[in-house]
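Colleague: below: sequence and its predicted model.
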Amino acid sequence: GAGVSQSPSNKVTEKGKDVELRCDPISGHTALYWYRQSLGQGLEFLIYFQGNSAPDKSGLPSDRFSAERTGGSVSTLTIQRTQQEDSAVYLCASSQPGNPYGYTFGSGTRLTVV
Amino acid sequence: QKEVEQNSGPLSVPEGAIASLNCTYSDRGSQSFFWYRQYSGKSPELIMFIYSNGDKEDGRFTAQLNKASQYVSLLIRDSQPSDSATYLCAVNAGGGSYIPTFGRGTSLIVHP
């Protein structure tokens, strides 16, 4: 596609429910990143996928968070047993080989846990 | 812990003035430095990156890097109301790491 696509754009869920957030990176981009941005806060790194390498999960805040990337393309971020502090905008970004710093961000998923 | 510090602002400048945005970082070994612009409710977009000490100019934007003092700045000349946004500084340690640390951003308001 022309850009990084994220869905849903908005998600309201009840505390304790599981949610799945989807990211479809730009075709040909081998690197994919998930970030979280809480109100008034900077971008918090969550997880990084690069090609077929093992993902860097060092930013995941708890074991309730997990992510996978199928076929080196689409990625799903799953949050189990959601808590109110999980409310944030979840941003996905991708970059292409040879230009690893040229992130393109998706428009994000605004998650609200009530 | 790697830290990237920015004044949250808001920084208010009149139209046509130079806006100066500053960022300091804690990791002396950092190698790559980025400025992203984020409009309200939108996702960040990369506007400048710099790797070497000195200035890098791109149109109305100039990035300045001083590794000895561990700061990077962004100058916006002839500021326009459309430049009003939050500017995020990001720093990458290099050495094979492609995961930059972001600052919290500085809000810039350019008033007519």
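Modeller: The structure has been received and is ready for your questions. All values reported here derive from a predicted model rather than from experimental measurement.

Colleague: can we go C-alpha only for contacts and neighbour counts from here?
Modeller: Noted.

Colleague: near chain B, which residues of chain A show up?
Modeller: Within reach of chain B by CA under 8 Å from any CA of the partner chain, chain A has these residues: A:40-45, A:48, A:91, A:100-108.

Colleague: residue 104: what's it in contact with?
Modeller: Using chain A. A:3-4, A:93-95, B:45-46 (CA atoms under 8 Å, 6 or more residues apart in numbering or on different chains).

Colleague: hmm, no, I was thinking of chain B.
Modeller: A:40-43, B:5-6, B:8, B:88-89.

Colleague: again, 6 Å this time
Modeller: Counting by CA atoms under 6 Å, 6 or more residues apart in numbering or on different chains, residue B:104 touches A:41-42.

Colleague: residue A:31 too?
Modeller: A:49-50, A:94-95.

Colleague: now with 7 Å, please.
Modeller: A:49-51, A:94-96 (CA atoms under 7 Å, 6 or more residues apart in numbering or on different chains).

Colleague: list phi and psi for the spatially closest residue to residue B:39 that is not a sequence neighbour.
Modeller: Spatially, and ignoring its direct neighbours in sequence, residue B:39 is nearest to residue B:85 (4.7 Å; CA to CA, 6 or more residues apart in numbering or on different chains). Main-chain dihedrals, residue B:85, degrees, to the nearest 10: phi -180, psi 180.

Colleague: so what's residue B:85 bridging to?
Modeller: Beta-bridge partners for residue B:85, by DSSP bridges, are residue B:108.

Colleague: alright, calling it a day.
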